[in-house]
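**Q** Attaching a predicted model along with its sequence, questions to come.
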Amino acid sequence: MIIKTQVVIPSLVRVKPGAIDRLGLYLKREGHTKAMVVVSQGMIHEYLDRVRRGMAEQGVSCIDWIEVGEASFETATKLFTNVRKETSAMIGLGGGKALDVAKYVAFLGRLPYYAVPTSLSNDGFSSPQSSLTVAGRRKSLAAALPSAVVVDLDVCKDAPRPLWLSGIGDLASKLTAIFDWKLAFHQVGEPVDDFAALLSDATVNQFLARPSFDLEGAQLLASSLMFNGIAMEICGSSRPASGSEHLISHALDATSARPRLHGLQVGVATYLMSLVQKNQSERIDGLFNETGFWRQIESDPFSRAEWRRAIEIAPTIKDDFYTILSQDGAQAEAISLLDRDERLKACFGP
(Lines give C-alpha, C1' and ligand atoms only; values in the text may rest on other atoms or scores of the structure.)
Protein backbone atom coordinates (compact mmCIF):
# COMPACT_ATOMS: atom_id res chain seq x y z
CA MET A 1 0.00 0.00 0.00
CA ILE A 2 1.40 3.40 -1.00
CA ILE A 3 0.94 6.10 1.62
CA LYS A 4 0.54 9.52 0.05
CA THR A 5 2.43 12.27 1.81
CA GLN A 6 1.45 15.92 1.68
CA VAL A 7 3.87 18.66 2.67
CA VAL A 8 3.33 22.39 2.78
CA ILE A 9 6.22 24.20 1.10
CA PRO A 10 6.82 27.94 0.55
CA SER A 11 4.44 29.20 -2.12
CA LEU A 12 6.64 32.20 -2.89
CA VAL A 13 10.40 31.95 -3.29
CA ARG A 14 12.47 34.89 -4.46
CA VAL A 15 16.25 34.39 -4.49
CA LYS A 16 17.59 37.35 -6.47
CA PRO A 17 19.41 40.67 -6.16
CA GLY A 18 17.21 43.49 -4.86
CA ALA A 19 14.58 41.15 -3.42
CA ILE A 20 14.10 43.09 -0.16
CA ASP A 21 13.08 46.18 -2.14
CA ARG A 22 10.17 44.17 -3.54
CA LEU A 23 8.99 42.67 -0.25
CA GLY A 24 6.02 45.07 -0.16
CA LEU A 25 5.02 43.95 -3.65
CA TYR A 26 5.20 40.28 -2.67
CA LEU A 27 2.99 40.94 0.35
CA LYS A 28 0.49 42.98 -1.65
CA ARG A 29 0.16 40.27 -4.31
CA GLU A 30 -0.89 37.82 -1.60
CA GLY A 31 -3.41 40.28 -0.17
CA HIS A 32 -1.43 41.19 2.95
CA THR A 33 -1.75 44.88 3.79
CA LYS A 34 -0.91 44.86 7.51
CA ALA A 35 2.24 43.09 8.68
CA MET A 36 4.19 42.63 11.88
CA VAL A 37 7.97 42.78 11.33
CA VAL A 38 10.49 41.18 13.69
CA VAL A 39 14.05 42.37 13.03
CA SER A 40 17.47 41.55 14.43
CA GLN A 41 18.95 43.88 16.98
CA GLY A 42 21.54 46.16 15.37
CA MET A 43 20.29 45.58 11.81
CA ILE A 44 21.96 47.72 9.15
CA HIS A 45 19.75 50.81 8.80
CA GLU A 46 19.95 50.79 5.01
CA TYR A 47 18.20 47.41 4.89
CA LEU A 48 15.48 48.57 7.26
CA ASP A 49 14.90 51.69 5.20
CA ARG A 50 14.64 49.67 1.99
CA VAL A 51 12.04 47.35 3.48
CA ARG A 52 10.03 50.24 4.93
CA ARG A 53 10.14 52.15 1.66
CA GLY A 54 9.14 49.14 -0.42
CA MET A 55 6.20 48.36 1.85
CA ALA A 56 5.02 51.98 1.90
CA GLU A 57 5.16 52.22 -1.90
CA GLN A 58 2.77 49.26 -2.13
CA GLY A 59 0.41 50.50 0.58
CA VAL A 60 1.41 47.75 3.02
CA SER A 61 1.36 48.93 6.63
CA CYS A 62 3.94 47.81 9.18
CA ILE A 63 1.66 47.90 12.21
CA ASP A 64 4.38 46.63 14.57
CA TRP A 65 8.15 46.79 14.18
CA ILE A 66 9.82 44.65 16.86
CA GLU A 67 13.58 44.42 17.44
CA VAL A 68 14.81 41.26 19.18
CA GLY A 69 18.20 40.49 20.66
CA GLU A 70 17.55 37.00 21.96
CA ALA A 71 15.78 33.96 20.59
CA SER A 72 13.84 32.65 23.55
CA PHE A 73 10.52 30.92 24.04
CA GLU A 74 9.62 33.56 26.58
CA THR A 75 10.25 36.39 24.10
CA ALA A 76 8.25 34.64 21.37
CA THR A 77 5.23 33.85 23.52
CA LYS A 78 5.14 37.41 24.87
CA LEU A 79 5.15 38.74 21.31
CA PHE A 80 2.38 36.31 20.38
CA THR A 81 0.11 37.68 23.10
CA ASN A 82 0.61 41.18 21.64
CA VAL A 83 -0.10 40.34 18.00
CA ARG A 84 -2.86 42.66 16.79
CA LYS A 85 -6.07 41.20 15.43
CA GLU A 86 -5.66 42.95 12.09
CA THR A 87 -2.19 41.46 11.44
CA SER A 88 -2.34 39.38 8.25
CA ALA A 89 1.32 38.37 7.88
CA MET A 90 4.47 37.98 9.96
CA ILE A 91 7.91 38.96 8.64
CA GLY A 92 11.25 37.84 10.04
CA LEU A 93 14.07 40.10 8.85
CA GLY A 94 17.73 39.63 9.66
CA GLY A 95 19.67 36.84 11.33
CA GLY A 96 18.70 33.59 12.95
CA LYS A 97 17.38 34.98 16.23
CA ALA A 98 14.83 37.29 14.65
CA LEU A 99 13.78 34.66 12.14
CA ASP A 100 13.34 31.93 14.77
CA VAL A 101 11.25 34.21 16.97
CA ALA A 102 9.11 35.46 14.07
CA LYS A 103 8.61 31.92 12.77
CA TYR A 104 7.40 30.68 16.15
CA VAL A 105 5.05 33.63 16.67
CA ALA A 106 3.61 33.04 13.19
CA PHE A 107 3.20 29.34 13.99
CA LEU A 108 1.34 30.07 17.23
CA GLY A 109 -0.86 32.65 15.52
CA ARG A 110 -1.41 30.58 12.35
CA LEU A 111 -0.19 33.53 10.31
CA PRO A 112 1.59 33.46 6.95
CA TYR A 113 5.31 33.84 7.62
CA TYR A 114 7.79 35.60 5.32
CA ALA A 115 11.43 34.66 6.00
CA VAL A 116 13.83 37.40 4.88
CA PRO A 117 17.38 36.41 5.93
CA THR A 118 20.17 38.94 5.53
CA SER A 119 22.85 36.23 5.82
CA LEU A 120 23.08 32.53 5.04
CA SER A 121 24.62 31.33 8.29
CA ASN A 122 22.47 28.19 8.69
CA ASP A 123 19.41 26.39 7.33
CA GLY A 124 17.09 27.72 10.03
CA PHE A 125 15.46 30.33 7.79
CA SER A 126 13.57 27.59 5.94
CA SER A 127 13.30 24.80 8.48
CA PRO A 128 10.05 23.58 10.10
CA GLN A 129 11.51 24.26 13.55
CA SER A 130 12.44 27.24 15.70
CA SER A 131 15.65 27.17 17.70
CA LEU A 132 14.76 28.91 20.96
CA THR A 133 15.98 28.85 24.51
CA VAL A 134 13.45 27.61 27.06
CA ALA A 135 14.39 28.63 30.62
CA GLY A 136 17.91 29.18 29.31
CA ARG A 137 18.29 25.83 27.54
CA ARG A 138 18.42 25.60 23.75
CA LYS A 139 15.51 23.66 22.24
CA SER A 140 14.28 22.94 18.72
CA LEU A 141 10.54 23.61 18.85
CA ALA A 142 8.07 22.46 16.22
CA ALA A 143 6.98 25.25 13.92
CA ALA A 144 6.17 25.39 10.21
CA LEU A 145 7.98 26.15 6.99
CA PRO A 146 7.67 29.77 5.88
CA SER A 147 4.92 30.71 3.47
CA ALA A 148 7.50 32.76 1.57
CA VAL A 149 11.28 32.90 1.38
CA VAL A 150 12.80 36.18 0.19
CA VAL A 151 16.59 36.14 -0.17
CA ASP A 152 18.29 39.27 -1.47
CA LEU A 153 21.50 37.93 -3.00
CA ASP A 154 23.27 41.31 -2.88
CA VAL A 155 22.55 41.62 0.83
CA CYS A 156 23.60 38.05 1.65
CA LYS A 157 26.71 38.29 -0.56
CA ASP A 158 27.86 41.28 1.48
CA ALA A 159 27.33 39.57 4.85
CA PRO A 160 30.44 39.20 7.05
CA ARG A 161 32.63 36.27 5.99
CA PRO A 162 32.18 34.33 9.29
CA LEU A 163 28.42 34.18 8.58
CA TRP A 164 29.11 32.76 5.12
CA LEU A 165 31.44 30.18 6.62
CA SER A 166 28.89 29.29 9.28
CA GLY A 167 26.42 28.50 6.51
CA ILE A 168 29.00 26.36 4.73
CA GLY A 169 29.70 24.46 7.95
CA ASP A 170 25.99 23.85 8.51
CA LEU A 171 25.55 22.68 4.92
CA ALA A 172 28.47 20.23 5.13
CA SER A 173 26.89 18.65 8.21
CA LYS A 174 24.26 17.00 6.01
CA LEU A 175 26.93 14.48 4.95
CA THR A 176 27.42 13.18 8.48
CA ALA A 177 23.73 13.59 9.37
CA ILE A 178 22.61 11.30 6.53
CA PHE A 179 25.26 8.74 7.55
CA ASP A 180 23.90 8.78 11.12
CA TRP A 181 20.32 8.43 9.87
CA LYS A 182 21.16 5.36 7.81
CA LEU A 183 23.20 3.97 10.69
CA ALA A 184 20.15 4.33 12.94
CA PHE A 185 18.14 2.34 10.39
CA HIS A 186 20.61 -0.54 10.44
CA GLN A 187 21.16 -0.53 14.20
CA VAL A 188 17.73 0.25 15.68
CA GLY A 189 15.34 0.11 12.73
CA GLU A 190 14.59 3.83 12.47
CA PRO A 191 12.87 4.44 9.10
CA VAL A 192 14.70 6.45 6.46
CA ASP A 193 12.79 8.58 4.00
CA ASP A 194 14.81 7.96 0.84
CA PHE A 195 13.59 11.06 -0.98
CA ALA A 196 14.38 13.38 1.96
CA ALA A 197 17.83 11.82 2.27
CA LEU A 198 18.46 12.15 -1.46
CA LEU A 199 17.34 15.78 -1.45
CA SER A 200 19.65 16.56 1.46
CA ASP A 201 22.61 14.92 -0.28
CA ALA A 202 21.88 16.83 -3.47
CA THR A 203 21.95 20.18 -1.70
CA VAL A 204 25.52 19.60 -0.51
CA ASN A 205 26.70 18.45 -3.93
CA GLN A 206 25.19 21.54 -5.53
CA PHE A 207 27.31 23.98 -3.52
CA LEU A 208 30.43 21.78 -3.47
CA ALA A 209 30.48 21.90 -7.27
CA ARG A 210 31.24 25.63 -7.08
CA PRO A 211 32.01 27.00 -3.62
CA SER A 212 32.43 30.76 -3.95
CA PHE A 213 31.54 34.04 -2.27
CA ASP A 214 30.00 35.82 -5.24
CA LEU A 215 26.37 36.14 -6.36
CA GLU A 216 26.30 32.64 -7.82
CA GLY A 217 27.78 31.21 -4.64
CA ALA A 218 25.13 33.01 -2.58
CA GLN A 219 22.40 31.66 -4.85
CA LEU A 220 23.72 28.10 -4.56
CA LEU A 221 24.12 28.30 -0.78
CA ALA A 222 20.70 29.89 -0.29
CA SER A 223 18.88 27.28 -2.35
CA SER A 224 20.88 24.44 -0.79
CA LEU A 225 20.02 25.50 2.75
CA MET A 226 16.38 26.10 1.77
CA PHE A 227 16.01 22.60 0.29
CA ASN A 228 17.38 21.16 3.53
CA GLY A 229 14.44 22.74 5.32
CA ILE A 230 12.06 21.14 2.83
CA ALA A 231 13.78 17.77 3.32
CA MET A 232 13.04 18.03 7.05
CA GLU A 233 9.41 18.85 6.31
CA ILE A 234 9.10 15.86 3.96
CA CYS A 235 10.18 13.31 6.57
CA GLY A 236 8.80 15.09 9.63
CA SER A 237 12.10 15.20 11.52
CA SER A 238 15.47 16.93 11.60
CA ARG A 239 17.27 13.74 10.48
CA PRO A 240 18.18 14.96 6.96
CA ALA A 241 20.02 17.93 8.42
CA SER A 242 21.11 17.03 11.94
CA GLY A 243 23.11 14.15 13.40
CA SER A 244 25.95 13.56 15.84
CA GLU A 245 27.66 16.81 14.78
CA HIS A 246 24.61 18.82 15.87
CA LEU A 247 24.48 17.01 19.21
CA ILE A 248 28.02 18.23 19.92
CA SER A 249 27.08 21.78 18.94
CA HIS A 250 23.97 21.69 21.14
CA ALA A 251 26.11 20.45 24.03
CA LEU A 252 28.52 23.34 23.46
CA ASP A 253 25.61 25.79 23.47
CA ALA A 254 24.60 24.45 26.88
CA THR A 255 28.04 24.26 28.49
CA SER A 256 30.54 26.55 26.75
CA ALA A 257 31.59 29.78 28.37
CA ARG A 258 31.49 31.37 24.91
CA PRO A 259 29.42 29.50 22.32
CA ARG A 260 30.29 30.40 18.74
CA LEU A 261 28.22 30.69 15.59
CA HIS A 262 26.14 27.56 15.14
CA GLY A 263 27.60 26.63 11.76
CA LEU A 264 31.20 27.12 12.89
CA GLN A 265 30.69 24.70 15.77
CA VAL A 266 28.76 22.28 13.56
CA GLY A 267 31.35 22.46 10.79
CA VAL A 268 34.24 21.42 13.03
CA ALA A 269 32.06 18.73 14.60
CA THR A 270 31.13 17.52 11.10
CA TYR A 271 34.76 16.96 10.18
CA LEU A 272 35.39 15.26 13.53
CA MET A 273 32.40 12.95 13.13
CA SER A 274 33.33 12.16 9.52
CA LEU A 275 36.65 10.81 10.84
CA VAL A 276 34.83 8.62 13.36
CA GLN A 277 32.35 7.51 10.69
CA LYS A 278 35.14 7.05 8.11
CA ASN A 279 32.90 9.03 5.79
CA GLN A 280 34.04 11.66 3.24
CA SER A 281 36.60 13.32 5.53
CA GLU A 282 38.86 14.35 2.67
CA ARG A 283 35.95 15.93 0.83
CA ILE A 284 34.90 17.95 3.86
CA ASP A 285 38.49 18.95 4.57
CA GLY A 286 38.89 20.09 0.96
CA LEU A 287 35.77 22.26 1.13
CA PHE A 288 36.85 23.85 4.40
CA ASN A 289 40.36 24.45 3.12
CA GLU A 290 39.19 26.00 -0.16
CA THR A 291 36.69 28.35 1.46
CA GLY A 292 38.90 29.50 4.34
CA PHE A 293 36.74 27.79 6.96
CA TRP A 294 39.80 26.35 8.72
CA ARG A 295 41.54 29.72 8.79
CA GLN A 296 38.48 31.26 10.44
CA ILE A 297 38.47 28.62 13.18
CA GLU A 298 42.22 28.84 13.74
CA SER A 299 41.96 32.62 14.17
CA ASP A 300 39.77 32.10 17.25
CA PRO A 301 40.37 28.56 18.55
CA PHE A 302 37.88 26.58 20.61
CA SER A 303 38.53 25.27 24.10
CA ARG A 304 39.72 21.66 23.91
CA ALA A 305 38.42 20.97 27.42
CA GLU A 306 34.95 22.26 26.49
CA TRP A 307 34.85 20.06 23.41
CA ARG A 308 35.85 16.98 25.39
CA ARG A 309 32.97 17.67 27.75
CA ALA A 310 30.56 18.33 24.88
CA ILE A 311 31.45 15.01 23.22
CA GLU A 312 30.83 13.21 26.50
CA ILE A 313 27.33 14.63 26.99
CA ALA A 314 26.29 14.84 23.32
CA PRO A 315 24.49 11.45 23.23
CA THR A 316 22.25 12.58 26.11
CA ILE A 317 21.03 15.72 24.30
CA LYS A 318 18.18 13.96 22.44
CA ASP A 319 16.25 10.92 23.62
CA ASP A 320 16.10 7.95 21.24
CA PHE A 321 18.39 9.62 18.70
CA TYR A 322 20.87 7.01 17.51
CA THR A 323 24.11 8.29 15.94
CA ILE A 324 27.69 7.15 15.61
CA LEU A 325 28.25 8.47 19.15
CA SER A 326 25.83 5.82 20.42
CA GLN A 327 28.34 3.10 19.55
CA ASP A 328 30.87 1.71 21.99
CA GLY A 329 34.18 3.48 21.81
CA ALA A 330 33.03 6.28 19.50
CA GLN A 331 33.20 9.02 22.12
CA ALA A 332 36.68 7.97 23.22
CA GLU A 333 37.84 7.94 19.59
CA ALA A 334 36.37 11.39 18.96
CA ILE A 335 38.06 12.84 22.04
CA SER A 336 41.41 11.32 21.07
CA LEU A 337 41.12 12.79 17.56
CA LEU A 338 41.10 16.30 19.03
CA ASP A 339 44.76 15.69 19.88
CA ARG A 340 45.76 13.37 17.02
CA ASP A 341 44.35 14.89 13.84
CA GLU A 342 46.48 17.67 12.39
CA ARG A 343 43.52 19.74 11.19
CA LEU A 344 41.76 19.50 14.53
CA LYS A 345 44.83 20.23 16.63
CA ALA A 346 44.99 23.69 15.07
CA CYS A 347 41.36 24.37 15.99
CA PHE A 348 41.83 24.19 19.74
CA GLY A 349 43.58 26.08 22.49
CA PRO A 350 44.03 24.70 26.00
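**A** Now that the structure is in, tell me what you want to look at. Numbers count the residues shown, from 1 in each chain.
**Q** Name the residues that touch stretch 49-57?
**A** 20-25, 27, 35, 37, 61-62, 93, 116 (Cβ atoms under 8 Å, 6 or more residues apart in numbering). Any C-beta I mention is one placed from the backbone N, CA and C, and that applies to glycine too.
**Q** Next step: these restricted to strands.
**A** Of the contacts of stretch 49-57, the ones assigned to strands by DSSP state E are A35, V37, S61, C62, L93, V116.
**Q** Those residues: which two are farthest apart?
**A** S61 and V116 (17.0 Å; Cβ to Cβ).
**Q** the more surrounded of the two?
**A** Per other Cβ atoms under 10 Å, whichever of S61 and V116 has more neighbours is V116, with 28 against 14.
**Q** correct me, but the more buried one touches L23?
**A** Yes - between V116 and L23 there is a contact under Cβ atoms under 8 Å: 6.4 Å.
**Q** what sits in contact with each of the two?
**A** Among the neighbours of V116, those also in contact with L23 (Cβ under 8 Å, 6+ apart) are V51, I91, V150.
**Q** Helices of the stretch 101-250 of the chain, start to end?
**A** 153-157, 161-188, 194-208, 215-235, 244-255 (DSSP state H, counting those that start in this stretch).
**Q** Determine the set of other helices and strands touching the second one.
**A** Same thing as helix 161-188. helix 194-208, helix 215-235, helix 244-255, helix 262-277, helix 281-291, helix 293-299 (3 or more Cβ pairs under 8 Å, 6 or more residues apart in numbering; DSSP states H and E).
**Q** What I need now is those written out in TSV, including distance to P350 and mean pLDDT for each item.
**A** Shown next, in TSV, are the helices and strands packed on helix 161-188 (distance: least, Cβ to Cβ, whole Å; pLDDT from 0 to 100):
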stretch	distance to P350	mean pLDDT
helix 194-208	33	90
helix 215-235	34	93
helix 244-255	16	95
helix 262-277	17	97
helix 281-291	23	96
helix 293-299	15	97
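**Q** Tell me which of those helices sits most buried.
**A** Across the helices and strands packed on helix 161-188, averaging neighbours per residue (mean count of other Cβ atoms under 10 Å) puts helix 262-277 on top, at a mean of 27.
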